[in-house]
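Engineer: below: sequence and its predicted model.
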Amino acid sequence: MDNTVKPETKPFVVSISPHVRKKESVPKIMWTVVLCLMPALIFSIVLFGWRVLALVLVSVAACTIMEALCQKALKRKVTLGDGSAVLTGVLLAFVLPPGVSFSLPVLGAVMAMFLGKQIFGGLGYNIFNPALLARAFLMVTFPVAMTSAWIMPTPLTELGAAGHWIAALNGMPAVDAVTAATPLGTLSEHGVQAFRQNFGSGTGLYTSFFAGYKPGCIGETSGFLLLLGGLFLMFKRYISWHIPVSMLGTIALLTWIFGGETLFSGDPLLAVLSGGAILGAFFMATDYVTSPSNKMSQLVYGMAIGALTVLIRLKGGYPEGVCYAILLVNPLSTVLDEWFKRKRFSPEVVKKDGKKDTPQDSVKAVETKKESAAKPSETDTPSSTLKEVSSTESAAKPSDASSPSSTSKDEAPTESAAKPTDVIHDSKKEAENNE
């Protein structure tokens with residue numbers, strides 16, 4: 001008896017492609033994006049006070065609770081650990097003015113998590129960006145609160161050395177503070193002169209806006225910190241450069257052409273540093289679910305968002321257009337991927353006659369062959385079957401030469417072969433006569 005112990009065999013698992021695996025996961029990506037937004041949040045707390053932190057915490061709590069309730073009601077698995085609800089809560093707070101009521105992020109969370117995400121099927125199935133959909137809902141429902149709840153930034157004298165540094169770069173006294181009106185709102189409602197009086201001009205203005213010392217939404221102030229977080233996401237290859245560069249480039253180009261009093265007299269750098277252009281380009285438009293996956297599609301996607309942003313800013317009723325531009329282009333992501341879908345690789349086969357056999361020709365040949373095999377051929381018809389039976393019967397009967405009723409030998413023998421029924425009728429008549 002063989003007492004040797006056989007090694008345990010592991011089951012052979014066969015899975016579908018792709019077989020390239022990485023250590024990245026959805027929770028890791030989501031939490032990384034949240035961490036990339038934290039420097040901008042800390043700067044906003046310094047700029048506007050602790051109320052900002054309270055608004056962000058209320059927004060995050062409302063989004064997580066609403067997601068859990070929706071998943072329970074819809075009998076789905078509760079997936080709060082993936083970080084998507086937390087990220088939506090942070091982004092929702094980032095696009096709100098710092099002085100809004102605490103009830104607004106709660107109402108926005110209901111819109112974002114239920115109507116913007118879970119009603120479509122959950123994470124990976126939503127058509128629109130949930131945070132921006134909630135902001136658009138709040139903008140329509142509470143327009144006064146969303147356009148007037150701005151808080152004046154902390155005076156530079158209270159920011160210590162950083163305040164004096166910003167004041168020196170901007171060329172203004174450290175005791176002053178910028179007005180509570182947003183730059184785009186001032187420019188849209190009061191014109192260029194009022195904008196220059198409130199925010200200054202020259203290189204110091206760009207430096208101040210890039211650093212973030214300006215009124216605005218919670219997460220739209222510091223272009224430097226937002227750009228730093230976006231570049232880190234690009235370094236980790238969580239996002240690519242195609243959407244941010246095409247979007248910001250289109251905003252800068254069209255603003256330079258049409259944004260001034262005459263053609264080619266606009267300020268492209270100011271357009272990029274104002275409003276939510278940088279936040280939208282790196283953290284909103286690059287959402288995995290609502291953005292295209294093809295590189296060429298991403299370029300067209302970003303250019304479309306940039307063009308709509310400039311159109312709304314210059315000709316629309318709202319001073320800022322990033323939110324609505326992204327929402328309008330979100331449903332086109334799948335269409336763009338279909339338009340710019342890569343063709344399957346298949347080598348061309350050269351036939352003997354010199355013609356090239358393309359993959360489409362091969363497919364058509366296979367389909368034609370299948371159709372011809374499915375249809376009954378002429379040899380399978382009842383008439384052809386009868387002909388075969390008749391020819392068999394004629395072969396089994398005696399020939400015309402041996403039958404009594406046969407005609408003369410000079411007649412063509414092909415007539416009997418061609419008409420086997422005549423032989424059958426003649427033999428029947430002969431049998432009747434004999435009886």
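Structural biologist: Yep, it's here.
Engineer: point out where the stretch 51-200 of the chain drops to low pLDDT.
Structural biologist: For the stretch 51-200 of the chain, applying pLDDT under 70 flags the ranges 156-180.
Engineer: and with 90 instead?
Structural biologist: In the predicted model of the stretch 51-200 of the chain, residues 79-81, 122-124, 145, 147-200 satisfy pLDDT under 90.
Engineer: now the helices for it?
Structural biologist: Assigned by DSSP state H, counting those that start in this stretch, the stretch 51-200 of the chain shows helices spanning 51-73, 84-94, 103-110, 130-141, 143-148, 161-170, 183-190, 192-199.
Engineer: residues contacting stretch 331-339, please?
Structural biologist: Defining contact as C-beta atoms under 8 Å, 6 or more residues apart in numbering, one finds that stretch 331-339 is touched by Ile127, Phe128, Thr290, Ser291, Pro292, Ser293, Asn294, Ser297, Val300, Tyr301, Ala304. To be clear about C-beta, it is placed using only N, CA and C from the backbone, and glycine gets the same treatment.
Engineer: end to end, how far does stretch 320-335 reach?
Structural biologist: 26 Å (C-alpha to C-alpha, to the nearest Å).
Engineer: what residues of it count as buried?
Structural biologist: Glu320, Gly321, Val322, Cys323, Tyr324, Ala325, Ile326, Leu327, Val329, Asn330, Leu332, Ser333 (16 or more other C-beta atoms under 10 Å).
Engineer: sitting in helices, which of the contacts of stretch 331-339 do you find?
Structural biologist: Ser297, Val300, Tyr301, Ala304 (DSSP state H).
Engineer: of these, which is the nearest to Trp50?
Structural biologist: Tyr301 (37.8 Å; C-beta to C-beta).
Engineer: contact partners for that closest one?
Structural biologist: Contacts of Tyr301 (C-beta under 8 Å, 6+ apart): Ile243, Ser246, Ala285, Ser291, Pro292, Val329, Leu332, Ser333, Leu336.
Engineer: state the pLDDT value of it.
Structural biologist: Note on Tyr301: pLDDT of 97.
Engineer: what's around the nearest residue to Gly212 once chain neighbours are set aside, how many residues?
Structural biologist: Nearest residue to Gly212, sequence neighbours excluded (C-beta to C-beta, 6 or more residues apart in numbering): Ser222, at 2.9 Å. Number of residues near Ser222 (other C-beta atoms under 10 Å) recorded here: 27.
Engineer: and Ser222, how far from Leu228?
Structural biologist: Distance, Ser222 to Leu228, using C-beta to C-beta, to the nearest Å: 9 Å.
Engineer: what touches both of the two?
Structural biologist: Residues touching both Ser222 and Leu228 by C-beta under 8 Å, 6+ apart: Pro39.
Engineer: next one: the residue nearest to Gly306 when sequence neighbours are not counted from Asn129, what distance?
Structural biologist: Spatial nearest neighbour of Gly306, chain neighbours left out: Thr250 (2.8 Å); criterion: C-beta to C-beta, 6+ apart. Thr250 is 19 Å from Asn129, where distance means C-beta to C-beta.
Engineer: more crowded one of those two?
Structural biologist: In this view Thr250 and Asn129 are compared by other C-beta under 10 Å, and Asn129 has more residues nearby, 27 against 20.
Engineer: now do the contacts for that one.
Structural biologist: Gly116, Met284, Asp287, Thr290, Ile326, Leu327, Asn330.
Engineer: now swap in Gly302 and tell me
Structural biologist: His242, Ile243, Pro244, Val245, Ser246, Met247, Thr250, Ala281, Ala285.
Engineer: so who does the third one touch?
Structural biologist: Residues touching Pro244, when contacts are defined by C-beta under 8 Å, 6+ apart, comprise Gly230, Ala281, Phe282, Ala285, Thr286, Gly302.
Engineer: which SSE is it in?
Structural biologist: helix 242-258 (DSSP states H and E).
Engineer: ok, back up a step: need the ones in helices among the contacts of stretch 331-339 in JSON lines (columns: distance to Val90).
Structural biologist: Output for the ones in helices among the contacts of stretch 331-339, formatted as JSON lines (distance: C-beta to C-beta, whole Å):
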{"residue": "Ser297", "distance to Val90": "27"}
{"residue": "Val300", "distance to Val90": "29"}
{"residue": "Tyr301", "distance to Val90": "23"}
{"residue": "Ala304", "distance to Val90": "26"}
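Engineer: of the residues you listed - the most surrounded one?
Structural biologist: Of all the ones in helices among the contacts of stretch 331-339, Tyr301 has the most neighbours under the rule other C-beta under 10 Å, reaching 27 neighbours.
Engineer: what is the burial count for the residue nearest to Phe340 when sequence neighbours are not counted?
Structural biologist: With C-beta to C-beta, 6+ apart as the criterion, Phe340 has its nearest non-adjacent residue at 4.3 Å, and that residue is Met296. Using other C-beta under 10 Å, Met296 has 15 neighbouring residues.
Engineer: go on, the one 10 residues further on?
Structural biologist: Under the neighbour criterion other C-beta under 10 Å, Gly306 is assigned a count of 31.
Engineer: for it, what are its contacts?
Structural biologist: Ser246, Met247, Leu248, Gly249, Thr250, Ile251, Leu254, Ala325.
Engineer: secondary structure element holding it?
Structural biologist: Going by DSSP H and E, Gly306 is part of helix 295-315.
Engineer: quick one: average pLDDT of the next helix or strand after that helix?
Structural biologist: On the C-terminal side of helix 295-315, the closest following helix or strand by DSSP H and E is helix 322-329. For helix 322-329, the mean pLDDT works out to 96.
Engineer: ok, then the element right after helix 322-329?
Structural biologist: Using DSSP H and E, the next helix or strand after helix 322-329 towards the C-terminus is helix 333-339.
Engineer: ok, now which ones touch Leu227?
Structural biologist: With contact set as C-beta under 8 Å, 6+ apart, Leu227 has these partners: Ile278, Phe282.
Engineer: and what of Cys70?
Structural biologist: Met113, Phe114, Lys117, Gln118.
Engineer: do you know how far it is from Asn126?
Structural biologist: Counting by C-beta to C-beta - Cys70 and Asn126 are separated by 12 Å.
Engineer: what do these two both touch?
Structural biologist: Common neighbours of Cys70 and Asn126 (C-beta under 8 Å, 6+ apart) are Lys117.
Engineer: can I get stretch 228-247 in PDB, CA atoms only?
Structural biologist: Output of stretch 228-247 as PDB, limited to C-alpha atoms (Å, rounded to 0.1, in the frame of the first residue of the first chain):
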ATOM      1  CA  LEU A 228      -0.300  71.200  -5.500                       C
ATOM      2  CA  GLY A 229      -2.900  68.500  -4.700                       C
ATOM      3  CA  GLY A 230      -3.800  68.100  -8.400                       C
ATOM      4  CA  LEU A 231      -0.200  67.600  -9.300                       C
ATOM      5  CA  PHE A 232       0.200  65.000  -6.600                       C
ATOM      6  CA  LEU A 233      -2.800  63.100  -8.100                       C
ATOM      7  CA  MET A 234      -1.200  63.300 -11.500                       C
ATOM      8  CA  PHE A 235       2.100  62.000 -10.000                       C
ATOM      9  CA  LYS A 236       0.200  59.000  -8.600                       C
ATOM     10  CA  ARG A 237      -1.400  58.600 -12.000                       C
ATOM     11  CA  TYR A 238      -4.900  58.800 -10.500                       C
ATOM     12  CA  ILE A 239      -5.700  61.400 -13.000                       C
ATOM     13  CA  SER A 240      -4.100  62.500 -16.300                       C
ATOM     14  CA  TRP A 241      -3.200  65.900 -17.600                       C
ATOM     15  CA  HIS A 242      -5.600  65.900 -20.500                       C
ATOM     16  CA  ILE A 243      -8.800  67.200 -18.800                       C
ATOM     17  CA  PRO A 244      -7.200  69.900 -16.500                       C
ATOM     18  CA  VAL A 245      -4.800  71.200 -19.200                       C
ATOM     19  CA  SER A 246      -7.400  71.300 -22.000                       C
ATOM     20  CA  MET A 247     -10.000  72.900 -19.700                       C
END
